[in-house]
Every structure is written in C-alpha cells, then in structure tokens.
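>>> fold the following for me, if possible:
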Amino acid sequence: GATFVDHNVPIFGTQGGSATLLREVPGGAVYFGAYEVISRALTPEGKKASTIAVIAGGGMAGLSYWCAIMPFDVIKSRMQTTVEVVAEGGGGAARSGMLSTAASIYREAGIHGFYTGLTVTAPRAILSNAIIFCTYDYFKQALDRMF
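The predicted structure is shown next:
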C-alpha cells in the first residue's frame, strides 16, 4: 500500500519559511517604495499629500507588493500544502524544497503558475491598502492636531 507523508518540517519556524522570508523582505521595500513614489508624484513640492495622493499611493503600494511577491507566496503555499504519496518501505520521502517546488510549478503552468490568484488578490490589495494608508494618514493628522 501507500502512505501519505506530510511535509511539515519547520524551516525558519514553519514549512515554507524560507519562501516567506524571501517574500516579506523585498515585499516591504516594494510596498513602502511604491507608496512614496506615487504619493510624492501626486503632491506638489512643499505641500502635504492630498487624500487622493494618499489613496492612490496606498492602492498602488498594495498592488505593487502583490505583483512583486506573488511567486514567492505561490511557492510558499504549495510547500505548506503539498502531501506526497510514497510507496510503503520506500524509506520515507524527501521534503519538497523551495527550488524543487518552483520547478514543479513552472513545469505545470509556466510563468503564469506563479501568479495564480493575482486576479482576485489585486483588487482586494488596491482597495484595502488605499483604506489602510488613508486611515493612517487621517489619524496621524488628528493626533498631530491634538498634541
């Protein structure tokens, strides 16, 4: 018979931890970089960013983040959910690593496989991050007036 082998061996604390690390570090740089570029481009020099500039910057920050990190997120998710079927007596199975998982995704779906789910994620990212930055800016201004 066959047994299922679950690939839940921790790396950096969780299965898929290395892909998560590769996702979050550059993702943060892209996220805040995009916000700054867009909001400053829409703000006249010497002026405070308008609500529209903050909303546009926030929306583009969210979109840029997900476009940049989606391949790592797809790899991480696949690593966290992969279960391998192994013949009994096979001595167990090697856990799928990040590179072998990426190769498998590419073989199955090409470059598009790394962007699975982006059409659903992008609108949510634009809306939620526009709201996040707008809310932050609103409360920052309110607190600045209070203190």
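>>> okay, helices next: where are they in this structure?
Taking DSSP state H as the test, the helices found in the chain are 17-41, 51-81, 98-109, 118-146.
>>> what sits up against the shortest one?
For helix 98-109, the surrounding residues in contact (C-beta atoms under 8 Å, 6 or more residues apart in numbering) are 18-19, 22, 71, 74-75, 78-79, 82, 96, 113-114, 116. Yep, even glycine has a C-beta here, placed from its N, CA and C like the rest.
>>> any idea of the mean pLDDT in that helix?
The predicted model assigns helix 98-109 a mean pLDDT of 94.
>>> how about that helix: buried residues?
Neighbour-count burial for helix 98-109, counted by 16 or more other C-beta atoms under 10 Å, picks out 98, 101, 102, 105.
>>> deepest in the core, which of the helices of the chain is it.
For the helices of the chain, the largest average neighbour count (mean count of other C-beta atoms under 10 Å) is found in helix 51-81, namely a mean of 21.
>>> distance from that one to the middle of the chain?
Remark: helix 51-81 is offset 5 Å from the chain centroid, using C-alpha atoms, centre = their mean, to the nearest Å.
>>> now do that helix against helix 118-146, angle only.
130 degrees (axes from the mean of the first three to the mean of the last three C-alpha atoms, to 10 degrees).
>>> just checking, what packs against helix 51-81?
Applying 3 or more C-beta pairs under 8 Å, 6 or more residues apart in numbering; DSSP states H and E, one finds that helix 51-81 contacts helix 17-41, helix 98-109, helix 118-146.
>>> which of those helices sits closest to residue 55?
For the helices and strands packed on helix 51-81, proximity to residue 55 was assessed by C-beta to C-beta; helix 118-146 is nearest, at 4.5 Å.
>>> tilt between that closest one and helix 17-41?
Counting by the same axes, to 10 degrees, helix 118-146 lies at 60 degrees to helix 17-41.
>>> pLDDT of helix 118-146, averaged?
Helix 118-146 comes out with an average pLDDT of 97.
>>> so which other helices or strands are in contact with it?
Contacts defined by 3+ C-beta pairs under 8 Å, 6+ apart place helix 118-146 against helix 51-81.
>>> quick check: mean pLDDT of the helix it packs on?
Averaged across helix 51-81, pLDDT comes to 95.
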